[in-house]
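Q: Below are the sequence and a predicted model for it; my questions follow.
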Protein chains: 4
Amino acid sequence: MQKTLETTKKRSTTTRKLRSDALRNRERILEVAKGVFTRQGANASLEEIAKQAGVGVGTLYRHFPTRDELIEGVYRNEVEKIAAAAARFTETMSPIEALRAWMLLLVDYIAAKHIIAPALNTIAGGPSRLHEGSRAMIQSAIDGLVKRAKRSGDLRRNLDAYDLLRALIGVSHVGSGSDWQQSARRLVDILIAGSRPLK
Amino acid sequence: MQKTLETTKKRSTTTRKLRSDALRNRERILEVAKGVFTRQGANASLEEIAKQAGVGVGTLYRHFPTRDELIEGVYRNEVEKIAAAAARFTETMSPIEALRAWMLLLVDYIAAKHIIAPALNTIAGGPSRLHEGSRAMIQSAIDGLVKRAKRSGDLRRNLDAYDLLRALIGVSHVGSGSDWQQSARRLVDILIAGSRPLK
Amino acid sequence: MQKTLETTKKRSTTTRKLRSDALRNRERILEVAKGVFTRQGANASLEEIAKQAGVGVGTLYRHFPTRDELIEGVYRNEVEKIAAAAARFTETMSPIEALRAWMLLLVDYIAAKHIIAPALNTIAGGPSRLHEGSRAMIQSAIDGLVKRAKRSGDLRRNLDAYDLLRALIGVSHVGSGSDWQQSARRLVDILIAGSRPLK
Amino acid sequence: MQKTLETTKKRSTTTRKLRSDALRNRERILEVAKGVFTRQGANASLEEIAKQAGVGVGTLYRHFPTRDELIEGVYRNEVEKIAAAAARFTETMSPIEALRAWMLLLVDYIAAKHIIAPALNTIAGGPSRLHEGSRAMIQSAIDGLVKRAKRSGDLRRNLDAYDLLRALIGVSHVGSGSDWQQSARRLVDILIAGSRPLK
DNA sequence: CATGAATGAGTCTTCATTCAT
DNA sequence: TATGAATGAAGACTCATTCAT
């Protein structure tokens, strides 16, 4: 997508297949994989993914030697976007608002791509090191938001951010009625209300 | 007609396979399947399950012609226990305590056997009719508890029981640290606190 | 259950379940088997046949210890009817008419129940001894008819009856259009015309 | 025909396994399959065929995703040869001789490879579309021959070519005695004699 | 580097056949 | 004798993974 045009014309004379080709492939694969995993679960056929991405299986294997590495690639991509949002919200909103907004975003996100949470358990080997990195990113995001809200007195000081995270992820698993958005919003409000100082 | 004497007597010693053999097998299979699905996910090898249950594959297939029927069997079994608990708690505890106890139980339960929630999504075809029945049982359980707590004034009247359910199920998906129990307890408290009347 | 007490002595009055029970079963099985083989081919599931006949597999096996014996049973049954027709026609029709009628009957018959001819080849082991007996019956039927027609001068003396048989059986194998009957009739006429004395 | 001259060019020297590796495999499979089907019937083990062809099952499946496609492949191959013969005979023989020769050829052919006719019925789903194409080829072959013989006055004008076909196919189904060839010859003669104009 | 043909292990699934009741 | 549960061998089919081109 970003790639703008260019591609063919000049380029050093000899380079028939420059490495941007590889990059493009890598991205294509990740993009497709996200969709396929979302739809078919973490055991989806790699050949299928390769085909949809318009490359041979071999190519897919070159980029991601194992299934787990592919999943991790997808995963990391997505997580980065979420983490970025946390930073953005922190800069532009009040502590409690930022937290609330981010929680809603997360719920939305998870709802859309079931890979994120399912992957955590499905992958052979439990909650595994596979996602350690990604999980850390998310955790640090919510940690920051929660700490900030604690400081401003909007949340109980003994609140555990990770507990919130757990509850949020759950929302994605009961399947989504048409009232999805509403339910999520209500749930987030309950969680925030339940996290306020007792006063 | 002296009882059925004879029949019982001399056979008692030799009776290797009573007619309830089939029943026993069925239960054995369900028992084993629960464990295997919990550990290996919903795609576990049926042959493996049969072997662990000490029966031939054929027998497993006789009882559960499709994988889904087996999963449903396991599922239903478990769900019934949970629903039963809701009834029990309702009779022996105060509204809010009953709800709290049940929520904790559910969290425990889901944490122990990942089949329950994962199954919801994993099975081809989305949240599918496969679990409709079971889901209904759980939903009706929490509905009952919540309604009761609303009547006693312990919960906001505009609370959606299903929202709570969603949050609870989520707890099972982030994987379990050693602080699992604690986290669950805290989360349940947050949810209940957030569900209280606004005063 | 069946207990079949005392079949030996004076059963006449009390005979609850005499061995006609077994006979009835045997016939039921043959009847059903004919249908199933006709529809599903010679490899049809024996369990299926047993179920449709309303008996357990075990019972089927008692009567027909091997699949081949069952097929042969079906086969023999059918063949007898055809052979009987040859005799009947011989008594009531002119030589050439009898032959013609019988040929048409055979074609009809084969068309209706594909077991007869297919079985000849399908069964593992080639044209096998399995049908020797049955084949002999048919062959002798047509032999009789043909000889009679030769004597009356309606057919060439050097005609081989078996050749006719071969041609007839074939008719059943091209599948049946709606013009089945017509085609058969024309074919029979061609064969007879081609078998006439050279004048 | 295929000749596809010179696409290769500079690769010629090193090409150990030219891209026609796949092609060779495909042909090997067809060749073997013909034999196995002929001997063991249309339900023969595909794994067996793969092994005999010296390829993995996977390869067989790549080329022929379903059993029917494999059968069709074999079938088509054979049928083409027969159709070709019809054309050849037409060019080199008198009408009646061409027809006679072709009929004998067909009988021979069917006798040798039982797949051809059996396949017609065995395949699940009746005479099915699977062979539509092939059947058409044969039918058109005999149609041509018959029409030509009608025009030359050697055959009755109201003769149905398909009737002849039916009779011929049948010859393959009674199994083959040692007098096979003779019987076939006689039968063909009967059919032709019976198809002559009545004069 | 990319490709996709080949491979074969792993599962699923069906049935013939046996055997305890 | 009749029954049908149990068994396991056999075959179908799918995919992850390798490797020659």
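A: All right, it came through fine.

Q: Can you name the residue of chain A nearest to chain D?
A: A:Glu47 (11.3 Å; Cβ to the nearest Cβ). For every residue, glycine as well, the C-beta is placed using N, CA and C.

Q: from what I can see that residue touches A:Thr59, true?
A: No: between A:Glu47 and A:Thr59 there is no contact, the gap being 11.6 Å when judged by Cβ atoms under 8 Å.

Q: Now do the contacts for A:Thr189.
A: Small correction: residue A:189 is Asp, not Thr. Counting by Cβ atoms under 8 Å, 6 or more residues apart in numbering or on different chains, A:Asp189 touches A:100, B:194.

Q: and it, what pLDDT?
A: Listed pLDDT for A:Asp189 reads 89.

Q: got it, and A:Ala112?
A: In this model, A:Ala112 carries a pLDDT of 65.

Q: again, but for A:Ser128
A: Reading off the model, A:Ser128 has pLDDT 53.

Q: quick one on the thing from earlier: ok, for the residue of chain A closest to chain D, nearest residue in space, not its chain neighbours?
A: A:Val57 (5.3 Å; Cβ to Cβ, 6 or more residues apart in numbering or on different chains).

Q: quick one: that neighbour from A:His63, how far?
A: 11 Å (Cβ to Cβ, to the nearest Å).

Q: of those two, who's got more company?
A: Neighbour count, other Cβ atoms under 10 Å in any protein chain shown: between A:Val57 and A:His63, A:His63 has more, with 19 against 14.

Q: Pull up the gap between that one and D:Leu187, please.
A: Taking Cβ to Cβ, one finds A:His63 at 66 Å from D:Leu187.

Q: Same check on A:Gly56?
A: From A:Gly56 to D:Leu187 the distance is 56 Å (Cβ to Cβ).

Q: State the number of residues packed around the residue lying closest to A:Leu155 once chain neighbours are set aside.
A: Of all residues not flanking A:Leu155 in the chain, A:Ala149 sits nearest, at 4.4 Å (Cβ to Cβ, 6+ apart). By other Cβ under 10 Å, 24 other residues sit near A:Ala149.

Q: A:Ala149 contacts A:Glu97, correct?
A: No: using Cβ under 8 Å, A:Ala149 is not in contact with A:Glu97, being 9.4 Å away.

Q: I'd like the next helix or strand past the helix ranked longest in chain A.
A: Counting by DSSP state H, the longest helix found in chain A is helix A:67-92. For helix A:67-92, the succeeding helix or strand toward the C-terminus, using DSSP states H and E, is helix A:95-112.

Q: picking that back up, okay, the angle between the longest helix of chain A and helix A:95-112?
A: 150 degrees (axes from the mean of the first three to the mean of the last three Cα atoms, to 10 degrees).

Q: other SSEs contacting helix A:67-92?
A: helix A:19-40, helix A:46-53, helix A:95-112, helix A:116-122, helix A:132-151 (3 or more Cβ pairs under 8 Å, 6 or more residues apart in numbering or on different chains; DSSP states H and E).

Q: Got the phi and psi for A:Ala44?
A: phi -50, psi 150 (degrees, to the nearest 10).

Q: Count the residues that sit near the nearest residue to A:Asn43 once chain neighbours are set aside.
A: Of all residues not flanking A:Asn43 in the chain, B:Asn43 sits nearest, at 6.4 Å (Cβ to Cβ, 6+ apart). B:Asn43 sits with 12 neighbouring residues when counted by other Cβ under 10 Å.

Q: for B:Asn43, helix, strand, or coil?
A: Three-state assignment for B:Asn43 (DSSP: H, G, I helix; E, B strand; the rest coil): coil.

Q: Now do the same contact list for the residue nearest to A:Glu47.
A: Neighbours of A:Val57 in contact, by Cβ under 8 Å, 6+ apart: A:46-47, A:50.

Q: what sits up against stretch A:99-108?
A: A:82, A:85-86, A:89, A:93, A:138, A:141-142, A:145-146, A:148-149, A:154-155, A:164, A:168, A:171-172, A:181, A:184-185, A:187-189, A:191-192.

Q: now with 7 Å?
A: The contact list for stretch A:99-108, computed with Cβ atoms under 7 Å, 6 or more residues apart in numbering or on different chains, reads A:82, A:85-86, A:89, A:93, A:145-146, A:149, A:168, A:171, A:184-185, A:188, A:192.

Q: what does chain A put close to DNA strand E?
A: Within chain A, the positions lying close to DNA strand E (Cβ under 7 Å from any atom of the strand) are A:17, A:19, A:21-22, A:25, A:54-59, A:61-63.

Q: give me that answer again for 6 Å
A: A:17, A:19, A:21-22, A:25, A:55-59, A:62 (Cβ under 6 Å from any atom of the strand).

Q: what two of those residues have the greatest distance between them?
A: Greatest spatial distance in the residues of chain A next to DNA strand E: A:Arg19 and A:Val57, 20.3 Å, computed using Cβ to Cβ.

Q: Out of the helices and strands in chain A, which is least certain?
A: Using mean pLDDT, DSSP states H and E, the weakest-scoring helix or strand in chain A turns out to be helix A:116-122, at a mean of 47.

Q: pLDDT wise, what is the closest residue to A:Lys150 other than its chain neighbours at?
A: Distances taken as Cβ to Cβ, 6+ apart place A:Arg157 nearest to A:Lys150, at 5.4 Å, with adjacent residues excluded. Note on A:Arg157: pLDDT of 91.

Q: Ok, the one 5 residues further on next?
A: Among the per-residue scores, A:Tyr162 holds a pLDDT of 81.

Q: List the residues that contact it.
A: So A:Tyr162 contacts A:139, B:183 (Cβ under 7 Å, 6+ apart).

Q: so how far is DNA strand F from it?
A: Look at A:Tyr162 and DNA strand F: by Cβ to the nearest atom of the strand, to the nearest Å, they are 33 Å apart.

Q: shaky segments in chain A?
A: A:1-20, A:111-133, A:170-180, A:199 (pLDDT under 70).

Q: for stretch A:146-160, how far is the first residue from the last?
A: 9 Å (Cα to Cα, to the nearest Å).

Q: does the residue nearest to A:Lys150 sit in a helix, a strand or a coil?
A: coil.

Q: wait, isn't it in contact with A:Ala149?
A: No: counting by Cβ atoms under 7 Å, A:Arg157 does not reach A:Ala149; the two are 10.3 Å apart.

Q: what's the burial count for the closest residue to A:Lys147 other than its chain neighbours?
A: Of all residues not flanking A:Lys147 in the chain, A:Ala161 sits nearest, at 7.8 Å (Cβ to Cβ, 6+ apart). Per other Cβ under 10 Å, the neighbour tally for A:Ala161 reads 21.

Q: Run through the residues that contact A:Ala161.
A: Listed by Cβ under 7 Å, 6+ apart, the contact set of A:Ala161 reads A:142-143, A:146.
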